[in-house]
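Engineer: Build me a model from this:
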Amino acid sequence: QVQLVESGGGLVQAGGSLRLSCTASGRAFSGYVMGWFRQVPGKEREFVGAISWSGGSTYYADSVKGRFTITRGNNKNTVYLQMNSLNAEDTAVYYCAARPIRPARALSDTGGYDYWGQGTQVTVSS
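Structural biologist: Below you'll find the model as predicted:
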């Protein structure tokens, strides 16, 4: 069974930084794209960014571009979300997700992802 486990969430002051990790286990993820999403109560899950299997390509939502960075570990099964210059609007539960290459579905499409983590809470105090 596939498992994605996020870690690294917590409470941080506005302007601060956090790094989230997502580790995949249970099967080989060769060729899989890894994405990060976030969700606040009462709202739809929002795309944050994604990274290709090789780690050579990254994609970001406009709301986080220039502040957040996604990287992939050497073993390819761990993905990181470095979040800088955090503000209150970044408060959410953050999820990682995995999908094979699906050119017909946008990276921001939650339905395009096959596997999801349980989420980790990030709270930014102002």
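
Engineer: which stretches of the chain form helices?
Structural biologist: In the chain, no helices are found when defined by DSSP state H.

Engineer: how about low-confidence regions in it?
Structural biologist: 1, 28 (pLDDT under 70).

Engineer: one more time with 80, if that's ok
Structural biologist: Confidence mapping of the chain against pLDDT under 80 gives the ranges 1-2, 26-30.

Engineer: What segments of it are strands?
Structural biologist: 3-7, 10-13, 18-25, 33-39, 46-51, 58-60, 68-72, 78-83, 92-99, 115-116, 120-125 (DSSP state E).

Engineer: Ok, which of these comes nearest D109?
Structural biologist: strand 46-51 (8.1 Å; CB to CB). Glycine gets a C-beta too; all of them are placed from N, C-alpha and C.

Engineer: ok, residues contacting that closest one?
Structural biologist: 33-39, 57-61, 64, 68, 70-72, 79, 81, 92, 94, 107-108, 110 (CB atoms under 8 Å, 6 or more residues apart in numbering).

Engineer: which of the residues you listed count as buried?
Structural biologist: Neighbour counting over those (16 or more other CB atoms under 10 Å) leaves 33-38, 59-61, 64, 68, 70, 72, 79, 81, 92, 94, 107-108, 110 as the buried ones.

Engineer: need the contact list for the most centrally placed residue in the chain.
Structural biologist: Nearest to the geometric centre of the chain sits W36, at 1.9 Å (CA atoms, centre = their mean). For W36, the contact set (CB under 8 Å, 6+ apart) comprises 20, 22, 47-50, 70, 79, 81, 94-97.

Engineer: List the beta-bridge partners for the residue nearest to T78 when sequence neighbours are not counted.
Structural biologist: Distances taken as CB to CB, 6 or more residues apart in numbering place T23 nearest to T78, at 4.9 Å, with adjacent residues excluded. Judged by DSSP bridges, the bridge partners of T23 are V5, T78.

Engineer: Thanks again, I'm all set now.
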